[in-house]
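>>> Provided below are the primary sequence and the corresponding predicted coordinates.
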Amino acid sequence: MKDHCQLLVIGAGPAGLAAAADAARLGLDVALVDEQKAPGGQIYRNIGSAREPVRSYLGKDYLRGEPLVAEFLRSGATYINNASVWYLDERLETGLLIDGASHFITAERLILATGAQERPMPLPGWQLPGVMTAGAGQILLKSAAMIPSGRVVLAGSGPLLLLIAWQYLQVGVKINAIIDTTPRSSLPEALPYLPRALPAFDYLLKGLSFVLAIKKAGIPVYKAVVDLRAEGHELLESVSFTTGRGKSNERTEISIEAETLLLHQGVIPNLRLPLAAGCEVEWDEQQQSWKTTKDIWGQSSIDRVLVAGDCSGIVGARAGELQGRLCALQAAHQLNKIDLQQRDRAATRIKRSLQRHLSIRPFLDALYPPARAYQVPEDETLVCRCEEVNAGQIRQAARMGCVGPNQVKAFTRCGMGPCQGCLCGSTVSALVADETGSTMEQVGYFRVRPPFKPITLGELANT
Amino acid sequence: MFRRVDETSVDTLKLRIEDREYEVPVGISVAAAVLLCGFNKVRNTPVTDSPRLPYCMMGICFDCLMTIDGIPNQQACQLEVRENMAIEIQRGTAELLQQR
Amino acid sequence: MDYDFIVAGGGLVGSSIAYGLARQKHKVAVLDGGDRSFRASRGNFGLVWVQGKGWDYAPYAQWTGQAAGLWPEFVAELANKTGVEIDYQRSGGMHFCLNEAEWSEREREMEVVRQHTGGSFEYEMLDHDRLKQQIPQISKSVLGASYSPQDGHVNPLYLLQALQQGMVYHQVHYFPNQSIDRIEAKQGGFFTHSTEGTLSAEKIVLCAGLNNRRLGEMLGMDIPVVAERGQIMITERLQPFLNLPTLHVRQTAEGTVQIGDSHEDVGLDDGTSPSVLKEIARRAVLMFPFLARVQLVRAWGALRIMTPDHNPIYQQSADCPGAFTVTCHSGVTLAAMHAGPVAEWIGGSSRLDLINQFSTDRFNVSPG
């Protein structure tokens, strides 16, 4: 087992795969670490084993993963799979847990490509069995060829919701309803960004094709919905909501019976490892999330750490891949494999392509803002699923003088469970900001601490 | 409430969920298997004893905790099914482990 | 003057003092740090610990004994006023000995403390067999333990919350996110200048942990505190197996197991280190083998407030009378004492002879 390399890349999604492949080709001693069995991350999950007919149902974008994985596998980079990164600190010692054994690896440079997670969407009843994320639905499709067998409702906002609706249609799932929580004001607010997005017209066309397919299939779509709730006794039985104002300027209350509810409010960067390494993060008001501070080369605020892909700000798979390639160039330059001129020359085409893929973002961000109701939910809504703390308790802690999420945690246990704040962190900060009239920058975020993946005391003792 | 897309033959293996035998496709996660076999919960929470099923399927929500081969609090979505695996619904807090 | 007292620091020490002063009907303001300040309270193990303390300084042995005795009433009072459940248990406590040398030394220290307290400190040395009767999961590697029925434990975070609620109850004004730049002694009182503005009070109490050194200088007090790091870890919830706390392993009311600790000189670094975490885990598994299969949920470091002899500092400034400091690393065990007798001493309503043993004068005693 390797205990040192020149460049350690963490995450085998598009950014990590491209970074590791290019870095290896540039002559660096590279190791790519990933927790899954096979490369691909979330977006290209299981690409190596996906069989027909599921392969086709997932769409052309999914297949892009195939040549990328192939490129990585023949690049000469060391691939360390089934490895959870349980430890990382500001000294950049990286602790891996592989098959019940803990190993530490050091590197001269790190590229963090840990991707994104679904933005939590707390609403009444979201903890009921049968409620999952749209991403979970996709993972079941990609890695187990599974689809809902009962009545299924999709709810939320964002391109991924459209994508899974389209994928389900290909596969033959009857979708009972699509509930769109995007505020009505989003389209007029997004239009000014449209001209800038035109270089990425392929994204726009794709989105349009999904919308048309959904229309054609006759799936009921409810727009500008409010008061969304999941209902049921011990599992999901129905989804209720109030529609947006219709032609008569009235809202209607609707309830749809369903066994499966897939939720989606966009994705947010997975910042645990960048924060663990000491990287500075900043609040992105447009994307309504924290992201790792970096320059065009992926250089973070920590000298030896570069960041690429969604973990440094949501950019999507293709842009993530290109960012990974820029990181590889930068790392190769920093480690004296190429000089500045070579780096810049090789980067020209990548930067141009990256620009194009990034151009869609401001439009998409404005078109699909997360609905406020699921950022600062009502008092009875569960915020911390692990410790079962609701929004009312968090608001009360803020009123009592807790100025940030870490104090809230100390008093309510919110964030102390096994997920360590992954699903409640953004909500807690938003609630405190809302209650105290502060900005997100003033409020801050949960302090991250190891282990970042479960490890037993025995495994730790035997490191 | 999930089923397989492709009902044509795949390699399967036998395992036990709640002490009943099931046949599931090779290569899927334990969480997927439990969903496929129609269970309505994977655990009851320690704080309010409420039922949960997997939520994120990617290892960050920790709602899919089950007792697998006697070891509690295992993330079912992170483990692949194995022949003869014993999977149990985790009811509340982890049971005390016996010394080896 | 805006207030009778300004208390600098809103952790366990500052909150206990502020609560105690407000209870005496003083008008109190607390200036607290921010969400990410070094908070010793968050690194606390939650032990209300008597055994072993003060074996090398008799006044501390007496002080701790008295402090522990005040707890039951203190808990009841807080529960009454705030309704916050702090999970206090006077359960007794154990300190494990892993070899003969440790055992002998421990026994010696226990006896010294008993003498220092005129016999009121109670303890028992338990051999392995008697220990195993109490705690079946203990391994053969644990030779025995010192046990005191006077030890206990509490949830330190809920204690802090209860104190903060208690402060609200007694109308303390709480100002978070206040970093004090300067304190001026003038016009018969004290003025604190921070980013948010200026407050004034007749008297001031420095309970700001590591910051006491800097703030003390402004008030003619030499408060020689240094940071000592301790790393702690906490496990997933388990069914109850340990109904009393031990020095290194304690099961909380939620069922999680808290494991410590370390004593490191690393400056203002509250991070973690793999080698220390490994050692803490190794020791825990040595004591409780079944813990080898239990999962860790979180590990962190926190900075203790260490004085040169590890004993508290209670001091009124000679240069600036009316300026006090309460500085210690045992904010939990001494909480009832701070909220009661110490607050009364500061408030001027009572004398407390023992407290003179804890002034900084003791550090200036010349040898020989």
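All right, it came through fine. Numbers count the residues shown, from 1 in each chain, chains lettered A, B, ... in the order given.
>>> alpha carbons only for contacts and neighbour counts from here, please
Noted.
>>> list the contacts for B:Phe39?
Applying Cα atoms under 8 Å, 6 or more residues apart in numbering or on different chains to B:Phe39 gives no contacts.
>>> B:Gly70 now?
Applying Cα under 8 Å, 6+ apart, the residues near B:Gly70 are B:Ala86.
>>> which SSE is A:Leu187 in?
Under DSSP states H and E, the secondary-structure element containing A:Leu187 is helix A:186-190.
>>> Would you mark the buried spots in that helix?
Along helix A:186-190, these residues count as buried under the neighbour rule (16 or more other Cα atoms under 10 Å in any protein chain shown): A:186, A:190.
>>> which residues touch residue 181?
Assuming you mean chain A. A:155-157, A:223-226, A:371 are the contacts of A:Thr181 under Cα under 8 Å, 6+ apart.
>>> looking at chain C here, not the other one
C:192-195.
>>> wait, is it part of a strand?
Yes - under DSSP: H, G, I helix; E, B strand; the rest coil, C:Asp181 falls within a strand.
>>> the helices in the stretch 301-450 of chain A, which residues?
Counting by DSSP state H, counting those that start in this stretch, the stretch 301-450 of chain A has these helices, from start to end: A:317-334, A:340-358, A:361-367, A:391-399, A:405-412, A:425-436, A:440-443.
>>> Export these as JSON lines, with columns for distance to C:Gly69, mean pLDDT and mean neighbour count.
Shown next, in JSON lines, are these (distance: least, Cα to Cα, whole Å; pLDDT from 0 to 100; neighbours: other Cα atoms under 10 Å in any protein chain shown):
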{"stretch": "helix A:317-334", "distance to C:Gly69": "62", "mean pLDDT": "98", "mean neighbour count": "26"}
{"stretch": "helix A:340-358", "distance to C:Gly69": "66", "mean pLDDT": "97", "mean neighbour count": "15"}
{"stretch": "helix A:361-367", "distance to C:Gly69": "60", "mean pLDDT": "94", "mean neighbour count": "21"}
{"stretch": "helix A:391-399", "distance to C:Gly69": "31", "mean pLDDT": "97", "mean neighbour count": "20"}
{"stretch": "helix A:405-412", "distance to C:Gly69": "26", "mean pLDDT": "95", "mean neighbour count": "23"}
{"stretch": "helix A:425-436", "distance to C:Gly69": "38", "mean pLDDT": "98", "mean neighbour count": "24"}
{"stretch": "helix A:440-443", "distance to C:Gly69": "40", "mean pLDDT": "96", "mean neighbour count": "19"}
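>>> Make a markdown table from these and add distance to B:Met1 to it.
Shown next, in a markdown table, are the helices of the stretch 301-450 of chain A (distance: least, Cα to Cα, whole Å):
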| stretch | distance to B:Met1 |
| --- | --- |
| helix A:317-334 | 30 |
| helix A:340-358 | 37 |
| helix A:361-367 | 32 |
| helix A:391-399 | 30 |
| helix A:405-412 | 34 |
| helix A:425-436 | 29 |
| helix A:440-443 | 39 |
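>>> Any idea which of the ones you listed gets closest to chain B?
helix A:425-436 (11.9 Å; Cα to the nearest Cα).
>>> tell me what the closest one is packed against?
helix A:391-399, helix A:405-412, helix A:440-443 (3 or more Cα pairs under 8 Å, 6 or more residues apart in numbering or on different chains; DSSP states H and E).
>>> Turn those helices into a markdown table, including distance to B:Thr93.
Converted to a markdown table, the helices and strands packed on helix A:425-436 look like this (distance: least, Cα to Cα, whole Å):
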| stretch | distance to B:Thr93 |
| --- | --- |
| helix A:391-399 | 23 |
| helix A:405-412 | 19 |
| helix A:440-443 | 33 |
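>>> Quote the end-to-end distance of stretch C:204-224.
19 Å (Cα to Cα, to the nearest Å).
>>> next one: that stretch to chain centre, how far?
Mean C-alpha position of stretch C:204-224 versus that of the full chain (Cα atoms, centre = their mean, to the nearest Å) differs by 18 Å.
>>> can you tell if stretch A:167-175 touches chain B?
Yes - under the criterion of Cα under 8 Å from any Cα of the partner chain, stretch A:167-175 makes contact with chain B via A:Val171.
>>> Okay, buried residues for that stretch please.
Neighbour-count burial for stretch A:167-175 [16+ other Cα under 10 Å]: A:167-171, A:173-175.
>>> mean confidence score for that stretch?
For stretch A:167-175, the mean per-residue pLDDT is 94.
>>> For it, give me every contacting residue.
Here stretch A:167-175 has contacts from A:54, A:57-59, A:147-149, A:151-154, A:165, A:214, A:217, A:219, B:5, using Cα under 8 Å, 6+ apart.
>>> Do I have it right that A:Leu431 meets A:Gln396?
No - counting by Cα atoms under 8 Å, A:Leu431 sits too far from A:Gln396 to count as a contact (10.1 Å).
>>> partner residues bridging the residue lying closest to C:Leu242 once chain neighbours are set aside?
Of all residues not flanking C:Leu242 in the chain, C:Gln251 sits nearest, at 5.9 Å (Cα to Cα, 6 or more residues apart in numbering or on different chains). Beta-bridge partners recorded for C:Gln251 (DSSP bridges): C:Val257.
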